[in-house]
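S.K.: build me a model from this:
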Amino acid sequence: MKRILMIVFFAIMLSGCSLTKLGKVFPSSSPSEETGGEETAQEKSDEPSNLDKANALVEEANKKLDEIERGDEPVKGEGELLLFIEQEVFPIGQREAAVEERLYEALSAFEMDGDKEAAYETVDWAMKEYESILEDAKNVRTYMDEQEPLKEELIHGVMLFQEYLRMIRDAIDDPSEWTGANIMGAEYDASVKKYHSMVTELSEKYGINYQVGQPE
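M.R.: Coordinates of the predicted model:
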């Protein structure tokens, strides 16, 4: 059997991408560890340190998030981006991640035991799930014109993955089809990376810390 090259995707989308509240910035070691317990002149000073200033900014940002969530803060700029990522796209990313994880496990098992029926069952389920995910992506609400290209890339990525699933199904029965399927998977992966790059660029414009990580 031809070895399956199953790309482990970022999942647009998804999903481990979050504009969550920021955590305070802590130094790698305490002042006492660095100075042997002796206080420095800077520590004795009443002037806030850079660390204090950074944590103050974090607290201010988290307070703003709370206000947006309660509806007390007018939705402008960064607020609009937070709503787009957290409320519109993040749930889609969670669904994508769940599908891709189950698909990866099924194809890994297929490579080991060659059980085509089990592999078909999982791929068919994934294809059905992605029909629903595509509808969700098309129904994503945008809050400003700058978000329209993000939505378009999101939809594009979902459609690429749908085609990837169709090609995987063919490859289960005909191993020669894996080359084309893996090329399509790479196209999807590129779309995901492009999406994250676009969101990162827009986030920087509004002073938001956008992080790409693994879904929880």
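
S.K.: so Tyr143, which of the three states?
M.R.: At Tyr143 the chain is in coil, as set by DSSP: H, G, I helix; E, B strand; the rest coil.

S.K.: quick one: contacts for it?
M.R.: For Tyr143, the contacting residues are 75, 80-81, 83-84, by CB atoms under 8 Å, 6 or more residues apart in numbering. In this view, the C-beta of every residue, glycine as well, is placed from N, C-alpha and C.

S.K.: okay, who's weakest in those residues by pLDDT?
M.R.: When the contacts of Tyr143 are compared by pLDDT, Val75 scores lowest at 50.

S.K.: roughly how far does Ala126 sit from Phe84?
M.R.: 26 Å (CB to CB, to the nearest Å).

S.K.: should've said Val99
M.R.: Taken as CB to CB, the span from Val99 to Phe84 is 22 Å.

S.K.: quick one: the strands in the protein?
M.R.: For the chain, the strands defined by DSSP state E occupy 17-18, 211-212.

S.K.: can you flag the weakest of these by average pLDDT?
M.R.: For the strands of the chain, the bottom mean pLDDT is recorded on strand 17-18, which sits at a mean of 39.

S.K.: which residues touch Ser132?
M.R.: Arg95.

S.K.: which parts of the longest helix seen in the chain are buried?
M.R.: Scanning the chain for the longest helix, with DSSP state H as the assignment, gives helix 178-205. Along helix 178-205, these residues count as buried under the neighbour rule (16 or more other CB atoms under 10 Å): 178, 181-182, 184-185, 187-189, 191-192, 195-196, 198-200, 202-203.

S.K.: cool, and stretch 154-164?
M.R.: Buried residues in stretch 154-164, counted by 16+ other CB under 10 Å: 154, 156-158, 160-162, 164.

S.K.: right, and out of those residues, which lies closest to Ile133?
M.R.: Val158 (5.8 Å; CB to CB).

S.K.: separation between the closest one and Glu121?
M.R.: 22 Å.

S.K.: quick one, helices of the chain?
M.R.: Ranges of helices within the chain are 31-35, 41-44, 50-70, 78-83, 90-113, 116-138, 148-173, 178-205, based on DSSP H.

S.K.: quick one: the ones you listed as TSV, columns for distance to Gln211 too.
M.R.: Putting the helices of the chain into TSV (distance: least, CB to CB, whole Å) gives the following:
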stretch	distance to Gln211
helix 31-35	28
helix 41-44	31
helix 50-70	13
helix 78-83	13
helix 90-113	12
helix 116-138	21
helix 148-173	16
helix 178-205	9
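
S.K.: out of those helices, which gets the lowest mean score?
M.R.: When I compare the helices of the chain, helix 31-35 is least confident, with a mean of 42.

S.K.: one step back: what angle sits between the longest helix of the chain and helix 148-173?
M.R.: If you take axes from the mean of the first three to the mean of the last three CA atoms, to 10 degrees, helix 178-205 sits at 160 degrees to helix 148-173.
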